[in-house]
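Undergrad: Sequence first, then the predicted structure:
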Amino acid sequence: MIEYIKKRINNKNVLILGFGREGQSTLKTFLEAGSAKNITIADQKVLSLESDVFADEAYADYDLHALKFFCGPQYQDSCDDYDLVMKSPGIVLKKEISMYQTEILSQMQLFFEFYRDRIIGITGTKGKSTTTTLLYHILKESGRPAILAGNIGIPVFDILHEITDESIPVIELSCHQLEYMTMSPKWGILLNIYEEHLDHYGTLDKYIASKEKIYENQKDGDYLFVNPDVRPENGRCRANVKTVDIKNCNAGLDEGTDIVLYMPLDSEQMPPTIVYKNRQCKIPTTKISLLGAHNYLDIAYVYGVCCEFGISDEEFIKGLKSYVPLPHRLQYIGTVDGVAYYDDSISTIDETTIQALNTIKNADTVLIGGMDRGISYVNLERYLAESNVAHIILMEDTGKRIYEEIQADYPDFLHKERLYVVDHLKDAVELAKQITKKGGSCILSPAAASYGIFKNFEERGEVFANLVNQNQ
């Protein structure tokens, strides 16, 4: 692909817009290609050749003195002065992309232009990292030449030298990576769409439109595995569409769903069972690390794709048992003074907090709150109003808003004395240690973003774990 990139940037004045992880990856790749006329780095943060990022030994073989910089608050103002702009996913353009005179591309767009016909792309508001890494793991463990990249933290340009003619790229796709894409993967997975990222998109419709890029440009013979709630309307997707849904075990066969996860009722002993075509796969819940119906549904998506790749049930179950979940996703971090603590810092919407509380049956305390992006918490408030959670600790801006909305809109909220308002995570953990009963569980499931408070949700989870284990 390096030769393809070399032709795409040949003799062009290139602007790298945003110099985080992906921007740095783009620079290294373009320096290797060596055909750009000029390369300029644009970033809100002031940069120079003396900046720490250029101490990376990957730059040792290149003369960087020809690099130019356009930094500061106006870093986006010069886009039209270049032949090609390489935009990093997190950058919010100041105007509609159609209003620019230059060509605006991304790593993902160029990667898809070259490898589209073998890519498995996964997106969704929630569950995409678990689904991506699980699918990659099972493919790899089953002897398939899978390779992992994308929003999982691995820029696609970083894997270019690892790809062979047989490689199967398994790519996690964020809404930001999909937003301006003109290509879709041969194998697409759209898990779900919930209200999210309204601070970026402004409206839910624009956010949904970015997610729908996963299938908008699919071709005949492609595959889309999708939740029925977000299934494309007839005529909007040319792929072979496979719906994936969850039913209780008494629902009977579902003629309208291709892949069904049958969940047992509480009184039954049978395990959750995935049915696809003429195959049935029983999930060995006591022998795997993934917890809860939402994770079992992610497993069903992975099962459907694995079936299409010819993986046997024996191979699938073996890979499922050896899979180690990503951190901060309802991760058990230990028991302190008789209380089990769970880190669900990945939770940034109300639905994921509801899922966490439904999964951990002995939840006694939940910690909720973070940056307020203006999304609705009605579903979570209704759930909490009738829940059996003994202690609901609300923190930061969203926690305080949830508290105020409950006081104003839920006169029948069950035992309002369960509600506690604190300022920050440190205060919440200190309170949780005092009030959570022994034998119960305490869950950090914020239903809110961490921005402005922590660097990211990973740091929030690490701080939570450190606070829990403090003085132990």
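TA: That came in fine, so what should we check first?
Undergrad: count of neighbours near residue 55?
TA: Residue 55 has 9 neighbouring residues, counting by other Cβ atoms under 10 Å. Placement of C-beta: from N, CA and C, glycine included.
Undergrad: list the contacts for the spatially closest residue to residue 179 that is not a sequence neighbour?
TA: Leaving aside its sequence neighbours, residue 179 sits nearest to residue 210 (Cβ to Cβ, 6 or more residues apart in numbering; 4.4 Å). Contact analysis of residue 210 by Cβ atoms under 8 Å, 6 or more residues apart in numbering lists 175, 176, 178, 179, 201.
Undergrad: mind redoing it with 7 Å?
TA: Contact partners of residue 210, counting by Cβ atoms under 7 Å, 6 or more residues apart in numbering, are 175, 178, 179.
Undergrad: which one of those is nearest residue 286?
TA: residue 175 (35.5 Å; Cβ to Cβ).
Undergrad: If we ignore the residues flanking it in sequence, what's nearest the closest one?
TA: Spatial nearest neighbour of residue 175, chain neighbours left out: residue 210 (4.2 Å); criterion: Cβ to Cβ, 6+ apart.
Undergrad: how close does that neighbour get to residue 125?
TA: As defined by Cβ to Cβ, to the nearest Å, residue 210 lies at a distance of 11 Å from residue 125.
Undergrad: ditto for residue 186
TA: 23 Å.
Undergrad: How about residue 199?
TA: Residue 199 sits 14 Å away from residue 125, going by Cβ to Cβ.
Undergrad: In terms of neighbours, single out the busier of those two.
TA: The neighbour comparison of residue 199 against residue 125 (other Cβ under 10 Å) goes to residue 125, with 21 against 14.
Undergrad: OK, contacts around that one?
TA: Contacts of residue 125 by Cβ under 7 Å, 6+ apart are 192, 193, 194, 196, 349.
Undergrad: Then residue 300?
TA: With contact taken as Cβ under 7 Å, 6+ apart, residue 300 is in contact with 244, 259, 261, 274.
Undergrad: one more time with 10 Å, if that's ok
TA: By Cβ atoms under 10 Å, 6 or more residues apart in numbering, the contact list for residue 300 reads 131, 225, 244-246, 259-262, 272-276, 281, 283.
Undergrad: now swap in residue 452 and tell me
TA: Contacts of residue 452 by Cβ under 10 Å, 6+ apart are 370, 371, 372, 396, 397.
Undergrad: so what's it scoring on pLDDT?
TA: pLDDT recorded at residue 452 is 93.
Undergrad: measure it to residue 73 for me?
TA: 18 Å.
Undergrad: Kindly report the same for residue 158.
TA: Distance from residue 158 to residue 73, by Cβ to Cβ: 30 Å.
Undergrad: So which of the two has more stuff around it?
TA: Between residue 158 and residue 73, counted using other Cβ under 10 Å, the more crowded position is residue 158 (17 against 7).
Undergrad: The more buried one and residue 169 touch, don't they?
TA: No - using Cβ atoms under 10 Å, residue 158 is not in contact with residue 169, being 11.9 Å away.
Undergrad: tell me, what's touching the two both at once?
TA: residue 149.
Undergrad: Pull the residues that contact the lowest-mean-pLDDT helix or strand in the chain.
TA: Ranked by mean pLDDT, DSSP states H and E, the weakest helix or strand in the chain is helix 198-201, scoring a mean of 73. With contacts defined as Cβ under 10 Å, 6+ apart, helix 198-201 is touched by 90, 92, 175-176, 179, 204, 206-210, 371-376, 449, 451.
Undergrad: Which of those residues fall within helices?
TA: Members of those lying in helices (criterion: DSSP state H): 175, 176, 204, 206, 207, 208, 209, 210.
Undergrad: Would you mind checking the residues you listed for buried ones?
TA: Buried subset of the ones in helices among the contacts of helix 198-201 (neighbour count, 16 or more other Cβ atoms under 10 Å): 175, 176, 204, 207, 210.
Undergrad: Now do the domain split for this structure, please.
TA: Domain segmentation of the chain under automatic domain parsing yields 2-105, 111-322, 331-469.
Undergrad: and the closest residue to residue 46 other than its chain neighbours, how many residues sit next to it?
TA: Using Cβ to Cβ, 6+ apart and skipping residues adjacent in sequence, the residue nearest residue 46 is residue 71, 4.7 Å away. Here the count is done by other Cβ under 10 Å, and residue 71 has 17 residues near it.
Undergrad: From what I see, residue 71 and residue 19 are in contact.
TA: Yes - shown here, residue 71 and residue 19 form a contact pair, counting by Cβ under 10 Å, at 8.7 Å.
Undergrad: which neighbours do those two share?
TA: Here residue 71 and residue 19 share the contacting residues 41, 42, 43, 44, 45, 47, 51, scored by Cβ under 10 Å, 6+ apart.
Undergrad: From residue 393, how far off is residue 423?
TA: Distance of residue 423 to residue 393, given as Cβ to Cβ: 11 Å.
Undergrad: same deal with residue 229?
TA: As judged by Cβ to Cβ, residue 229 and residue 393 stand 31 Å apart.
Undergrad: again, but for residue 411
TA: 22 Å.
Undergrad: Please pick the buried ones from the contacts of residue 125.
TA: 192, 193, 194, 196, 349.
Undergrad: Looking at the residue nearest to the third one when sequence neighbours are not counted now. What's its pLDDT?
TA: The reference is to residue 194. Nearest residue to residue 194, sequence neighbours excluded (Cβ to Cβ, 6+ apart): residue 125, at 4.3 Å. Looking at residue 125, its pLDDT is 93.
Undergrad: which SS state does residue 125 fall under?
TA: Put simply, residue 125 is coil when judged by DSSP: H, G, I helix; E, B strand; the rest coil.
Undergrad: returning to what we had before: most surrounded residue in the contacts of residue 452?
TA: residue 370 (26 neighbours).
Undergrad: Hmm, residue 347 and that residue touching each other?
TA: Yes - taking Cβ under 10 Å as the definition, residue 370 is a contact partner of residue 347 at 9.3 Å.
Undergrad: Please enumerate the shared neighbours of these two.
TA: Joint contacts of residue 370 and residue 347 (Cβ under 10 Å, 6+ apart) are 446, 447, 448, 457.
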